[in-house]
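>>> task: produce atomic coordinates for the following.
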Amino acid sequence: MEDTALCIRLLLFILLLLAAHIHHNNAEKTAGSVLLESPLFPVMEGDDVTLRCRNKMSLINLTANFYKDDVLISCSATGYMTIHSVMKSDEGLYKCNISGAGESPVSWLSVIASAVILDSPIHPVMEGDSVTLRCRKTETATDHIADFYSHGIYIGTGYNGEMTIHSVSKSDEGPLKCSISGAGDSPERWLTVTVAVILETPVLPVIEGESVTLHCRNKMATSNMAHFYKNDIFIGSSFTGNLTLQSITKSDEGRYKCNVSGGQESAQNWLDVRECPNKAIQLCSDQLPVLLYLFVRTVATILWVALLLLVLRKHHYYQDW
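Predicted coordinates for the structure are as follows:
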């Protein structure tokens, strides 16, 4: 008995050692697998900074949580986080974690304070829109005379620190900066201008058999000539900018876009086509009269048969008398 108990204890001890060894190996495999990619060098106030959290063991972008000074600041489904127009207060220790993969080492983000800041749109602007730029000192809210530059070329002076670019075009896209006498230049900000071609399609699903009109419009073009595409395949042109699809079917469902002269192209829109409701009995709007006729005829037939049976029954009744 003692020998048996001793063997059992030795076996349990060996199993515990084996489990600890396996856990240690797995920990070594996962430790350090999560990385936070951040700027290696200091960034200037006003710049946009993108952080990326990734797992060295996977090529897929995974959902990640981002922390600054151990405080949760963002959750991203793509593993990316962008700090727009970074400020000195954004300086600090950053880290991230991925569920099931662990936590990254901390990374220090260093921000260099700038005496002059250019406020410009963070998001892309549309061709034809007006854009207001504002040049200011970081330590005061007082308005100052400022000079503005695009691609390093002087474009105007704002005597209250502001300048408006009316009806922007694609040529206005690029780096902007401003300068205040005695304070210096601002960091450059990038202005993104999107092409003003829009394809208007039905927002809600359409029913088979209906007609659908696609409208391609351009805020900047003098001509309404437009070319239309479905799933990147050319389907037609229009001098009015409108294209009508007659009696659409399920096969017309797909991604649509258009372009105008000069190669400017719209974003793609999805056209959703639904089958006619109760298609099995063909209850479509253009067949309602036929269905109504069949219904009336059926009811009339039933009534006629019922009346005939009633007459025959009375006839037999009188015969019996």
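
>>> okay, residue 148 and residue 191: tell me how far apart.
11 Å (CB to CB, to the nearest Å). Quick note: C-beta positions are derived from backbone N, CA and C, even for glycine.

>>> who's more crowded, the two?
residue 148 (23 against 19; other CB atoms under 10 Å).

>>> got a list of what residue 228 touches?
214, 216, 234, 235, 236, 237, 238, 243, 256, 257, 258 (CB atoms under 8 Å, 6 or more residues apart in numbering).

>>> what bridges to the second one?
The reference is to residue 216. Under DSSP bridges, the beta-bridge partners of residue 216 are residue 199.

>>> identify the residues contacting it.
Counting by CB under 8 Å, 6+ apart, residue 216 touches 197-200, 226, 228, 238, 241-243, 258-260, 266.

>>> now do the fifth one
If you count contacts by CB under 8 Å, 6+ apart, residue 236 has them with 227, 228, 243.

>>> quick one: which of the contacts of residue 216 has the most company?
When neighbours are counted by other CB under 10 Å, residue 258 leads those with 30 neighbours.

>>> for that one, helix, strand, or coil?
State at residue 258, reduced to three classes by DSSP: H, G, I helix; E, B strand; the rest coil: strand.

>>> next one: residue 303
Under three-state DSSP, residue 303 comes out as helix.

>>> same question for residue 40.
Going by three-state DSSP: residue 40 is coil.

>>> tally of neighbours for it?
Using other CB under 10 Å as the criterion, residue 40 is surrounded by 7 other residues.

>>> out of the contacts of residue 236, list just those in strands.
227, 228, 243 (DSSP state E).

>>> need those residues in CSV (columns: distance to residue 301).
CSV is the format used below for the ones in strands among the contacts of residue 236 (distance: CB to CB, whole Å):
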residue, distance to residue 301
227, 56
228, 51
243, 48
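
>>> contact partners for the closest residue to residue 275 other than its chain neighbours?
Among residues not flanking residue 275 along the chain, residue 208 sits closest, at 5.6 Å (CB to CB, 6 or more residues apart in numbering). For residue 208, the contacting residues are 248, 249, 250, 273, 274, 275, 276, by CB under 8 Å, 6+ apart.
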